[in-house]
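J.: Got a predicted structure here, sequence first:
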Amino acid sequence: MNSVPGDQELPLEEHIKELRSRMLVVAVPIILITSIAFIYSGVLLKLIWNNAIPLPMTIYSPMELILTRFKLSLVTALFIGIPLLVYEGFMFTAKGLYKNEKMFFIKIVPFSFILFMLGAILAYFFVLPILFKYTIFYSNDVANPQVSVIKTIDTIITLILGFGLIFQFPLLLISAIKMGLLKRDFIRGKRKFVYGALIAFAFFITPDPTAISELIVALVLVMLFEFSLMIARYF
């Protein structure tokens, strides 16, 4: 089997040492950013809450607010630290990659990050306000709605991450087409079946009794599918 030019075989112990040092380079900034973000986490929590939740905050345990602020701080630090993590991961594996594989990685990562940001922005500014407004309104006929701060933030984080991951769909589809696992013309001819599968998937992953967020997710997936087919010929 041909090896990558310039690559040298090293003992497993050397690889582990390098991986540990690179992980430390990532971990230390994340810890520092988490500590700094915690100072301002109360302001961040109020901004998120005022944008998405049409109800006052409610806590059900003495530690709930502190844990929520810590979770927000950690998520903020991880989000900021993702580029550094990707860079260190790339540098760790780059020695074993061919030139075309490195170029593919360099092209795909920024595109992936942009798509993730688009998904997160859509979730935060559009889907979340609609979701909480109508689900809380839907509950008014049965009970007086009160929402836990930490559970609500968990839902918000999950939804934002979920939309960010959903927006990776074009990369998965394009990669499958480029690797020959799927044929672009074949997929185009099966649009009805693909649309049906995407709509079913949207209703499966989105917890909304009003079906509004499900329809939004389904529409986004269909648009991403068409976008993927359009750029697959050029990527």
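T.: Yes, it's here. Please read all numbers here as calculations on a predicted model, not as lab measurements. Numbering: from 1, shown residues only.

J.: how about Ile31, what does it touch?
T.: The contact partners of Ile31, taken as CB atoms under 8 Å, 6 or more residues apart in numbering, are Ala77. All C-beta spots, glycine's among them, are computed from the backbone N, C-alpha and C.

J.: Return the distance of it relative to Ile39.
T.: Separation of Ile31 from Ile39 (CB to CB, to the nearest Å) stands at 14 Å.

J.: what's the answer for Thr76, then?
T.: In terms of CB to CB, Thr76 sits 11 Å off from Ile39.

J.: Repeat that for Val222.
T.: For Val222 relative to Ile39 (CB to CB), the value is 43 Å.

J.: In terms of neighbours, single out the busier of these two.
T.: Val222 (16 against 10; other CB atoms under 10 Å).

J.: which is the next helix or strand following the lowest-mean-pLDDT helix or strand in the chain?
T.: When each helix and strand of the chain is scored by mean pLDDT, DSSP states H and E, helix 128-139 comes last, with a mean of 73. Beyond helix 128-139 in the direction of the C-terminus, DSSP states H and E gives the next helix or strand as helix 149-166.

J.: Average pLDDT for that following helix, rounded please.
T.: Helix 149-166 shows a mean pLDDT of 85.

J.: which residues are contacting the helix or strand that that helix is followed by?
T.: For helix 149-166, the following helix or strand on the C-terminal side (DSSP H and E) is helix 169-178. Contacts with helix 169-178, where a contact means CB under 8 Å, 6+ apart, come from 108, 111-112, 115, 182-184, 187, 221, 224-225, 227-229, 231-232, 235.

J.: and the longest helix seen in the chain with helix 149-166, angle?
T.: Longest helix in the chain, counting residues (DSSP state H): helix 64-93. For helix 64-93 against helix 149-166, the angle by axes from the mean of the first three to the mean of the last three CA atoms, to 10 degrees is 30 degrees.
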